[in-house]
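have a look; sequence and predicted model below, questions after that.
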Amino acid sequence: MEIILNIKILLQRLLLAIVSAIGLFTPISYAQETIDLISLYQEALRNDSLLSSARFQNKAAQELVKQGKSLFLPSITMNASFDKQNKERKFLTQSLPSNDLLSGKKTNYETYDYGVTLKQPLFDYSAYSEYKKILAQTSLSDKQLIQTQQDLIFRISKAYFETLLAKDQVDLFQHQRAAIQEQLSKAEAQFEAGLISVTDINEAKTKKALIEAQQINAIQKLKIKKREIQIITGKLPGKLTPLNPVITFTEIDNLADDWITIAQENNLELQIKKDEIKIAESEIDSRRSGHYPTIDAIASRSRNWDKGGYPYGATKNEGMRSYSDAIGVEISIPIFSGGMTSSRVREGVLLKSKLEEDEEYLRRGVELKVRGYYLSLQTNFSQISAYQQAMKAAALQLESTQLGFQEGLRNSVEVLDSQQILFNAKLNVLESRYNYIMNFINLKLSVGMLSITDLDEINQYLMVN
């Protein structure tokens, strides 16, 4: 009976090998191009909408500098007008004036004038404060662009490794399903031989159905993760280069306090908040300038003439022309604005105080975040080794349980439980390795030091084709 059972198992394995060999020669095997993390990041750089939006925002902020400089440069205005006059007057007295110029009752003529004014600011504290605010806004925009670039590295790495994990889970469920099917075949053979009860068969069938349901969920999750990559890169990814199963990670040497010190100086959220405080300070100065005078140098030239001369009694060929040229200094001194300026200054001071409190709260949060990622990284490093030992032990346990089942010392339920322990250990190893990489990325991001160099280093962990 044992010989018949072994022959049946060999036939099943041979059939599985034939099906796998046929699959190797189908076009599907060659339809997808393998892509690694760096290549996927290059795709994201070209197609990510969030990064493109940040770039446009940054370019728009650069225009503010030119606008700020224009506040100190001269301005030239020109005006011109044309009027067609049609006038009529009525005398209330019966006696007409003896002067010919005053004797007319109607007149029609045109009036022309134009003027040019040049204005050069000499002292305007409001313009100076506005320019300082613009410089702070430009600095903030630069940091926001860098933050978006670092966020892209994080997002593409997260999507990449979550997709790999989802693919590994699909493969694990597939292998577990195959192992359960093999155990079910053994149980059916022994049941036919009268060596075991139907309970073992029912248990295997139940396990198989549950694994099939979990595999369907895993496949659906894998599809969603690929769509997340599509959102970033604009297209569905091909086959992703998997993580090298024999790669070893190096434990970080720096202390948590060292990382926190780096974060206090380089964390982009903190740097952005500092620029917001600088903007608030400049806004206070700008509002306070409402108490200060403004001084401008002015030069103007105007020309005016009418073709009808004096309004009444003159001929059309007569007219009057006037010329005006002026140069001087204009001083504007604010006296009283109903308390508006003082109130707006107090409002600006309070808003700045709010931002300072927000910065302190953010600083404490950054410290907690850095410390958390640091401890998680250390934990992941220890877990990888522990889970690998557990996986080896689970493999030995499964082997001995299967041997005991063949000898009639163990039942099918115990074999299935050993299989579940082994696959759980394999999944734990995979998750701990991916978690280590992502916590490393999170740590570098939280201190504001995540760059393409880190992505190159992580890409070395992938399997070489």
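Ah, there it is. Residues are numbered from 1 along each chain as shown.

residues of stretch 234-254 that come out buried?
237, 240, 241, 243, 249 (16 or more other C-beta atoms under 10 Å). Where C-beta positions appear, they are placed from N, C-alpha and C, glycine not excepted.

and the contacts of it?
With C-beta atoms under 8 Å, 6 or more residues apart in numbering as the test, stretch 234-254 has contacts from 32-37, 40, 43, 47, 160-161, 163-164, 167-168, 226-227, 229-230, 374, 377-378, 381, 384, 433-434, 436, 440, 461-465.

part of a strand, is residue 80?
Yes: per DSSP: H, G, I helix; E, B strand; the rest coil, residue 80 lies within a strand segment.

give the closest residue to it in space, chain neighbours not counted.
In this structure, residue 80 finds its nearest non-sequential neighbour in residue 114, 3.9 Å apart by C-beta to C-beta, 6 or more residues apart in numbering.

any idea how far residue 304 is from that neighbour?
Residue 114 is 8 Å from residue 304, where distance means C-beta to C-beta, to the nearest Å.

can you check which strand is longest in this protein?
strand 106-123 (DSSP state E).

can you give me the offset of that strand from its chain's centre?
Distance of strand 106-123 from its chain centroid, counting by C-alpha atoms, centre = their mean, to the nearest Å, is 53 Å.

list the buried ones in that strand?
Buried residues in strand 106-123, counted by 16+ other C-beta under 10 Å: 107, 109, 111, 113, 121.

ok, now stretch 165-172?
165, 166, 167, 168, 169, 170, 172.

tell me which helix or strand the first one sits in.
Read it as residue 165. Per DSSP states H and E, residue 165 falls inside helix 125-192.

between strand 106-123 and that helix, find me the angle.
Going by axes from the mean of the first three to the mean of the last three C-alpha atoms, to 10 degrees, helix 125-192 is angled at 70 degrees with respect to strand 106-123.

beyond helix 125-192, next helix or strand please.
helix 198-233.

following element in sequence after that following helix, please.
Following helix 198-233 toward the C-terminus (DSSP H and E): strand 239-240.

what's the spacing between the most centrally placed residue in the chain and residue 209?
Centroid-nearest residue in the chain, with C-alpha atoms, centre = their mean: residue 148, separated by 4.4 Å. Remark: distance between residue 148 and residue 209 (C-beta to C-beta) = 47 Å.

now do the strands in the stretch 301-450 of the chain.
320-332 (DSSP state E, counting those that start in this stretch).

run a quick neighbour tally on residue 61.
Counted by other C-beta atoms under 10 Å, the residues lying close to residue 61 total 18.

now do the same contact list for the closest residue to residue 200 other than its chain neighbours.
Residue nearest to residue 200 in three dimensions, not counting chain neighbours: residue 412, with 3.4 Å by C-beta to C-beta, 6+ apart. Applying C-beta under 8 Å, 6+ apart, we find residue 412 in contact with 183, 186, 187, 196, 200, 201, 203, 204, 405.

just for the stretch 301-450 of the chain, where's the confidence low?
For the stretch 301-450 of the chain, applying pLDDT under 70 flags the ranges 307-319.

can you pull out the helices in it?
Under the criterion DSSP state H, counting those that start in this stretch, the stretch 301-450 of the chain contains helices at 340-406, 412-446.

what's the longest one packed up against?
In this case it means helix 340-406. Helix 340-406 sits against helix 256-266, helix 268-288, helix 412-446, with contacts defined as 3 or more C-beta pairs under 8 Å, 6 or more residues apart in numbering; DSSP states H and E.

which other helices and strands contact the next helix or strand after the last one?
In this case it means helix 412-446. The C-terminal neighbour of helix 412-446 among helices and strands, as given by DSSP H and E, is helix 452-459. Judged by 3+ C-beta pairs under 8 Å, 6+ apart, the packing partners of helix 452-459 are helix 37-47, helix 125-192, helix 412-446.

what average pLDDT does the longest one get?
Confidence over helix 125-192, taken as the mean pLDDT, stands at 92.

the domain parsing of this protein - what is it?
36-71+124-292+334-459, 73-86+103-123+293-333 (automatic domain parsing).

out of the ones you listed, deepest packed?
Scoring these by mean neighbour count under mean count of other C-beta atoms under 10 Å gives domain 36-71+124-292+334-459 as the most buried, with a mean of 17.

which two of the buried residues of strand 106-123 have the greatest separation?
Within these, 107 and 121 form the most distant pair, 44.3 Å apart (C-beta to C-beta).

thinking again about what came up before, need the worst-confidence member of the buried residues of strand 106-123.
residue 107 (69).

check what contacts stretch 375-393 and list those residues.
Against stretch 375-393 from outside (C-beta under 8 Å, 6+ apart): 249, 251-252, 256, 422, 425-426, 428-429, 432-433, 435-436, 439-440, 442-443.

for the residue nearest to the centre of the chain, what are its contacts?
Counting by C-beta under 8 Å, 6+ apart, residue 148 makes contact with 50, 51, 54.

of those, which belong to helices?
Judged by DSSP state H, the contacts of residue 148 include 50, 51, 54 as members of helices.

measure the first one to residue 339 for me?
When distances are taken as C-beta to C-beta, residue 50 and residue 339 turn out to be 45 Å apart.

now do the last one
Counting by C-beta to C-beta, the separation of residue 54 from residue 339 is 41 Å.

among the helices and strands packed on helix 340-406, which comes closest to residue 452?
helix 412-446 (11.5 Å).

got the angle for that closest one vs helix 256-266?
If you take the same axes, to 10 degrees, helix 412-446 sits at 50 degrees to helix 256-266.

ok now helix 412-446, how far from the chain's centre?
On C-alpha atoms, centre = their mean, the centre of helix 412-446 falls 29 Å from that of its chain.

thanks a lot, see you next time.
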